[in-house]
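1. Everything below, folded, please.
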Amino acid sequence: MQRPVREFARRDFVQLPQTMGVGEALDFIRDYRSLGESLIYFYVVDDASRLVGVLQTRALLTAQPEESLADVMIRQVIAIPESATVLEACEFFVLHKFLAFPIVGRDRRLTGVVDINLFNEEVFGIPKTETRDNLFQAIGFHIAQARYASPLQMFRFRFPWLLVTIAGGTVCAFVAQAHEQTLERTLVVAFFLTLVLALGESVAVQSLALVLETLRLQRVTPAWFFNTCKREVVTALPLSAATALVVFIVVLVLDHAIWPAVVISGSLAIGVGAACLLGISIPTLLHVAKLDLTIAAGPITLAATDVAMLLLYLGITSVLL
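-> Purely as a prediction, here's the structure:
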């Protein structure tokens with residue numbers, strides 16, 4: 001799994017100049033004799049032979065002959081560096097679920113192409129009769145085997161992210177200490193500290209799970225992030241209202257005072273909305289930063305949610321009670 005991916009690359013890829021027209025490209029492809037069994041994508045290069053785009057077969061066939069390749073190509077190309085290992089290339093297939101990836105050098109020039117069928121046969125010995133989903137699952141299984149080879153490697157990989165949880169708990173302790181007078185003065189506020197943290201984590205985990213599922217298939221763009229946040233805000237409103245109502249009744253029963261019930265339930269409602277947005281924002285930022293979402297997203301999101309919930313809860317109650 002640590003062998004260079006370039007050892008498994010095919011050299012019979014098609015690269016087309018971006019100044020070429022669609023009609024010319026189709027004529028060129030018809031005359032092209034591939035050494036492989038299939039051509040999945042076509043790659044567009046500039047005058048210096050640097051990779052600038054990728055063409056899907058369907059887009060090429062449905063475009064007008066007079067159109068330029070620069071007008072119909074996909075400019076955001078996901079390429080595997082020439083220095084990548086087989087394990088790193090496997091992660092590209094599992095994360096993006098494309099059937100092939102170009103391999104590029106430091107100058108962004110194409111040096112080869114690796115497709116999923118060749119990769120599975122040569123690396124894992126999986127026959128082509130497997131379905132596409134099974135091929136991706138098989139690669140994910142082998143990644144897991146490589147990553148979890150020994151308990152020591154697992155410790156080194158997972159423990160740093162657990163330190164985030166420890167750091168978040170430490171910050172929460174300092175926040176609680178800073179509001180010590182409020183907790184002593186209004187004892188009912190202290191009764192609901194556990195509820196505040198548990199409720200925030202539950203809401204954040206729900207949003208986190210939805211985003212992680214979406215990120216497997218969706219490319220992150222500012223428009224997607226804005227629309228997702230807007231939809232989550234709409235979802236958070238009834239969640240916050242329902243939560244506030246239930247907590248209001250509980251506090252009223254325990255403390256027999258309306259104002260503390262209003263303040264505590266209101267602060268929790270605001271915290272629930274913040275937890276929803278954190279559950280979206282943090283995994284999205286980690287995805288953009290190309291960090292491992294399966295390991296990092298949970299601890300970071302929960303730690304940030306705990307701190308945010310406690311700051312909102314104790315901050316509001318300290319001012320109003």
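2. What segments of this protein are strands?
-> 15-17, 41-45, 51-56, 80-81, 100-104, 110-115 (DSSP state E).
3. distance of the residue nearest in space to the middle of the chain from Ala296?
-> In the chain, the centroid-proximal residue (Cα atoms, centre = their mean) is His287; its distance is 3.6 Å. Relative to Ala296, His287 is positioned 10 Å away (Cβ to Cβ, to the nearest Å). The C-beta positions use only the backbone N, C-alpha and C, and glycine is treated the same way.
4. And for Val175, the neighbour number?
-> Neighbours of Val175 under the rule other Cβ atoms under 10 Å: 17.
5. before we move on, back to that, quick check: the residue nearest to the centre of the chain touching Thr214?
-> No: look at His287 against Thr214 with Cβ atoms under 8 Å: they stay out of range, at 10.1 Å.
6. what's near enough to touch Val205?
-> Gly279, Gly298, Thr301, Leu302 (Cβ atoms under 8 Å, 6 or more residues apart in numbering).
7. Quick check: it vs Gln56, distance?
-> Distance from Val205 to Gln56, by Cβ to Cβ: 36 Å.
8. Repeat that for Ala244.
-> 49 Å.
9. quick one, which of these two is more surrounded?
-> A direct count of neighbours by other Cβ under 10 Å for Ala244 and Gln56 places Ala244 higher, at 20 against 14.
10. so which of the strands of the chain gets nearest Val319?
-> Among these, the nearest to Val319 by Cβ to Cβ is strand 80-81 (52.4 Å).
11. Which elements pack onto that closest one?
-> Where contact means 3 or more Cβ pairs under 8 Å, 6 or more residues apart in numbering; DSSP states H and E, strand 80-81 is packed against helix 86-96, strand 100-104.
12. ranking the ones you listed by burial, who's on top?
-> strand 100-104 (a mean of 22; mean count of other Cβ atoms under 10 Å).
13. what's the angle between it and strand 51-56?
-> 170 degrees (axes from the mean of the first three to the mean of the last three Cα atoms, to 10 degrees).
14. what are the pairing partners of strand 100-104, and which direction each?
-> Strand pairing for strand 100-104, determined by DSSP bridges: strand 80-81 (parallel), strand 110-115 (antiparallel).
15. Ok, which of those comes nearest Glu201?
-> For the strands paired with strand 100-104, the distance to Glu201 is smallest for strand 80-81, at 36.7 Å, taking Cβ to Cβ.
16. What average pLDDT does that closest one get?
-> Mean pLDDT, strand 80-81: 89.
17. for stretch 270-284, same thing?
-> The average pLDDT within stretch 270-284 is 88.
18. And for stretch 291-309?
-> Per-residue scores along stretch 291-309 average to 81.
19. and it, how far from the chain's centre?
-> The chain centroid and the centroid of stretch 291-309 are separated by 13 Å under Cα atoms, centre = their mean, to the nearest Å.
20. could the strands paired with strand 100-104 go into JSON lines alongside mean neighbour count?
-> Putting the strands paired with strand 100-104 into JSON lines (neighbours: other Cβ atoms under 10 Å) gives the following:
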{"stretch": "strand 80-81", "mean neighbour count": "19"}
{"stretch": "strand 110-115", "mean neighbour count": "21"}
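21. now those in CSV, with distance to Arg156?
-> As requested, the strands paired with strand 100-104 are arranged in CSV below (distance: least, Cβ to Cβ, whole Å):
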stretch, distance to Arg156
strand 80-81, 24
strand 110-115, 29
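22. Would you mind telling me which of the ones you listed is nearest Glu66?
-> strand 110-115 (26.5 Å).
23. Does anything pack onto whichever helix in the chain runs longest? Which helices or strands?
-> The longest helix of the chain (DSSP state H) is helix 222-255. If contacts are counted by 3+ Cβ pairs under 8 Å, 6+ apart, helix 222-255 sits against helix 187-191, helix 193-215, helix 258-288.
24. ok, now which ones touch Val262?
-> If a contact means Cβ under 8 Å, 6+ apart, then Val262 has Phe248 as its contacts.
25. Swap in 10 Å and give it another go.
-> Ala244, Phe248, Val251, Leu252, Leu320 (Cβ atoms under 10 Å, 6 or more residues apart in numbering).
26. pretty sure the last one contacts Trp259?
-> Looking back up the chat, that one is Leu320. Yes: counting by Cβ atoms under 10 Å, Leu320 touches Trp259, with 8.0 Å between them.
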